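# Output the structure for:
(one chain, ligands or ions: 1)
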Amino acid sequence: MSDIIDVFKERRSIRAYEDRPIEDALVEKIVQEAYYSPNAGNKQLLRMVVCKDREINDYLGKLRHAVTNRFWWPERFPEGTDYRKITDEDLATDDTVNSFYDAPVVVYLFSPKEFEFAEADAYIMSNNLCLIARNYDVGSVIDSVATDYFVTERSRQILSDWKLGDDYSIRAHASLGYPKGGFPDPVPHDKYEPPLFVG
Ligand SMILES: Cc1cc2nc3c(=O)[nH]c(=O)nc-3n(C[C@H](O)[C@H](O)[C@H](O)COP(=O)(O)O)c2cc1C
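Numbers count the residues shown, from 1 in each chain. Next up, the predicted model:
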């Protein structure tokens, strides 16, 4: 059982990836194994889209970034502007990196809009995806979603092509790929406060 602790300690968030693909069979294995994750009520409602299409990942990664960036993008989004009116021209002016860091594979995690544990399930699943990936020497990073960003015509078309239906909402992502420069050392966990042990 000690191996799992090594994986746990050696997983790091990777934000730069080698330009080489992960074998399909390995991606499938990671995703299937992650589906053993605990989930609320064992309803298993989470749906994953594994996207290797770099052009789509680049577009959605930028859109996701821009929608979040609206908070500090006052010239385009003065207070009160509806961020859902973001356009593809806006994205072209957004010179920030895409939220998925050009990873060769992005796993999009969706769960039902009306499910109260949807986010909790997505985060548990995405963390397990990252741990399992590390077990196979694949790097990863979780990307959180505070706001549904599928707001442009093109993104809605992509969503419709993915055939999840209207009841599902994006909750999180796990980007996967081989880390450029290898895995960094573990982050120092110097803020650890021993818990209060009772009884
Ligand atoms: C709920 C959650 C959301 C996160 N969202 C992002 C994100 O949007 N972008 C990102 O680069 N990293 C994100 N991370 C990764 C954290 O920044 C990272 O885990 C933390 O800095 C510790 O570093 P480590 O993962 O390398 O140990 C997220 C992690 C969690 C648990």
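# In the chain, spot the helix with the most residues.
Longest helix in the chain, counting residues (DSSP state H): helix 118-135.
# What helices and strands are in contact with that helix?
helix 2-10, helix 24-34, strand 105-112, strand 139-144, strand 168-177 (3 or more Cβ pairs under 8 Å, 6 or more residues apart in numbering; DSSP states H and E). (Each C-beta comes from the backbone N, C-alpha and C, glycine too.)
# what's the least confident stretch among the ones you listed?
Lowest mean pLDDT within those: helix 2-10, at a mean of 90.
# Quick one: name the residues of this protein near the ligand.
For the chain, the residues in contact with the ligand (Cβ under 6 Å from any ligand atom) are R12, S13, R15, Y123, V141, I142, D143, S144, V187.
# So what pairs up with the spatially most central residue of the chain in the strands?
Ranked by distance to the mean C-alpha position of the chain (Cα atoms, centre = their mean), the top residue is H173 at 1.5 Å. Beta-bridge partners for H173, by DSSP bridges, are Y108, D143.
# wait, isn't it in contact with D143?
Yes - using Cβ atoms under 8 Å, H173 is in contact with D143, at 4.1 Å.
# shared neighbours, the two?
Among the neighbours of H173, those also in contact with D143 (Cβ atoms under 8 Å, 6 or more residues apart in numbering) are R64, S99, F100.
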